[in-house]
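Predicted model, plus sequence, below.
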Amino acid sequence: WLRFGQEKSALDVLRELAGMLDVDISALREQQAAIVDAIKRWLDTRRCLLILDDVWVFEQAKPFTRLHAGRLLTTRVREVATRAGGRTQELDTLEPRQALRLLAACMQTDADLSTDA
């Protein structure tokens, strides 16, 4: 799960991913393409889903399109999703009661989460 937001660059998140995967990039410094290649080599022998969460500009997601992994991208900006390719699915914001029912279903409980206990 890779969180972007407005403040993180692709390079920031690539460094985080390399750390999660235990890929040594210490000698690569600011070389974004080389870091992508190192992560790509690690992923080439595995099956992986990368969740790119809260991407604001396509440039944040662009290097991740070179990786051989499944990608799920969340964004508030339609152009980012369109430029990233793949299939898009627009979602509305859940009402609080809907969100609590979804949370209860994920927790596999019938409890009413909307009441204070």
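Perfect, I can see it now. Numbers count the residues shown, from 1 in each chain.

What segments of the protein are helices?
10-21, 32-43, 58-61, 78-84, 96-106 (DSSP state H).

can you put the ones you listed in a markdown table and add distance to residue 113 and mean pLDDT?
The way it works is simple: take the backbone N, C-alpha and C, and place the C-beta from them, glycine included. Shown next, in a markdown table, are those (distance: least, Cβ to Cβ, whole Å; pLDDT from 0 to 100):
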| stretch | distance to residue 113 | mean pLDDT |
| --- | --- | --- |
| helix 10-21 | 31 | 96 |
| helix 32-43 | 37 | 96 |
| helix 58-61 | 33 | 97 |
| helix 78-84 | 31 | 92 |
| helix 96-106 | 4 | 80 |
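
for those helices, which one ends up most surrounded?
helix 58-61 (a mean of 20; mean count of other Cβ atoms under 10 Å).

what's next to that helix, contact-wise?
By Cβ atoms under 8 Å, 6 or more residues apart in numbering, the residues outside helix 58-61 that reach it are 4, 8-10, 13, 52, 55, 73, 79-80, 83-84.
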